[in-house]
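1. coords below, sequence missing:
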């Protein structure tokens, strides 16, 4: 958890119920924690019961109303059972966070079709399956009851597919599909039911399972190699999720928001600023005198 003080009032999500897949660890556990500390009741879903139990106990120790449901987002029956359990226990559903994901480093030639399918199923199929199971409850706020009463869906995406990323062909494809799902659902469910659908695309976030797996110590990659020369915190993603879920995000629909310190913009610097200063004027002056091929001047 970040040391920063929240910019939001502690009651900003009061009365809301949030279901967070993958909420037993990492970024999504921090989202669950911060949602709870800002007034929401929280349900987390995951496949490993021991992690769910530990996460729920941790949330409850902070005074958060929390529950856990064991299930697999890829299975329609698990998705429906989880949503029904949340409705039974907490009475409503206002916010769905699609955070369950799978990832590992692998070159395309070493990735089996089954491995590719597994990641697509968890990230993409799982996102749609949970949205499909939740829509009838999320739309109850719906159109005509004010923007803060509408259901909200936030999916955790990535920036890997904005150009291309080494050893991430499976996740790049899956997250590109999640972005497309986000925009399509924002169009259709926003129009028909007033449900806002957005996504967050985190960059490298410190102390998360994803960072440990994708940027192992053996890689030699340090936070200084990111655009802002630091990694983000789980707190950064949680605050972004609150912003999108609360009234502050009431006019945001269909957005995929990168939260990566601008890393997705980065390109290698071929020359230093000092080198640039030294020869840029010479190059500019020379360009004014050089005749281009086929020039009639």
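-> Alright, I've got the coordinates. Remember, predicted model here, so these are calculated numbers, not experimental data.

2. residue 172 belongs to a strand?
-> No: assigned with DSSP: H, G, I helix; E, B strand; the rest coil, residue 172 falls outside any strand and is helix.

3. separation between it and residue 256?
-> The gap separating residue 172 from residue 256 is 14 Å, by C-beta to C-beta, to the nearest Å. Placement of C-beta: from N, CA and C, glycine included.

4. residue 193 now?
-> The gap separating residue 193 from residue 256 is 20 Å, by C-beta to C-beta.

5. can you give me the strands in the stretch 1-150 of the chain?
-> Assigned by DSSP state E, counting those that start in this stretch, the strands in the stretch 1-150 of the chain fall at 17-21, 41-46, 66-70, 95-98.

6. could I get these as TSV with mean pLDDT, mean neighbour count and distance to residue 199?
-> Shown next, in TSV, are those (pLDDT from 0 to 100; neighbours: other C-beta atoms under 10 Å; distance: least, C-beta to C-beta, whole Å):
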stretch	mean pLDDT	mean neighbour count	distance to residue 199
strand 17-21	98	28	14
strand 41-46	98	27	18
strand 66-70	98	21	23
strand 95-98	98	28	8
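
7. can I get the ones you listed in CSV including distance to residue 121?
-> CSV is the format used below for the strands of the stretch 1-150 of the chain (distance: least, C-beta to C-beta, whole Å):
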stretch, distance to residue 121
strand 17-21, 13
strand 41-46, 16
strand 66-70, 18
strand 95-98, 13
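
8. tell me which of the ones you listed lies nearest to residue 56.
-> Closest approach to residue 56 among these is made by strand 66-70 (4.4 Å; C-beta to C-beta).

9. mind giving me the packing neighbours of that closest one?
-> Helices and strands touching strand 66-70, by 3 or more C-beta pairs under 8 Å, 6 or more residues apart in numbering; DSSP states H and E, are strand 41-46, helix 49-61, helix 76-90.

10. hmm, who's touching the longest one?
-> Taking contacts as C-beta atoms under 8 Å, 6 or more residues apart in numbering, the residues outside helix 76-90 that touch it are 17, 19, 41, 43, 45, 65, 67, 69, 71-73, 93, 129-130, 132-134, 137.

11. buried residues, stretch 48-63. List them.
-> 51-52, 55-56, 59 (16 or more other C-beta atoms under 10 Å).

12. looking at the residues you listed, which two lie furthest apart in space?
-> 51 and 59 (12.5 Å).

13. next, name the residue at the spatial heart of this structure.
-> By C-alpha atoms, centre = their mean, the chain has its centre lying nearest to residue 156, at 2.2 Å.

14. find the nearest non-adjacent residue to it, please.
-> The shortest distance from residue 156 to any non-neighbouring residue, by C-beta to C-beta, 6 or more residues apart in numbering, is to residue 99 (4.6 Å).

15. quick check: the gap between the one you found and residue 26.
-> According to C-beta to C-beta, residue 99 stands 8 Å off from residue 26.

16. same thing with residue 92?
-> 26 Å.

17. pick out whichever of these two has more residues nearby.
-> residue 26 (22 against 15; other C-beta atoms under 10 Å).

18. report the separation between the two terminal residues of stretch 118-135.
-> Taking C-alpha to C-alpha, to the nearest Å, stretch 118-135 runs 24 Å from one end to the other.

19. rewinding a little: a markdown table for the buried residues of stretch 48-63, including pLDDT?
-> What follows is the buried residues of stretch 48-63, written out as a markdown table (pLDDT from 0 to 100):
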| residue | pLDDT |
| --- | --- |
| 51 | 95 |
| 52 | 96 |
| 55 | 97 |
| 56 | 98 |
| 59 | 98 |
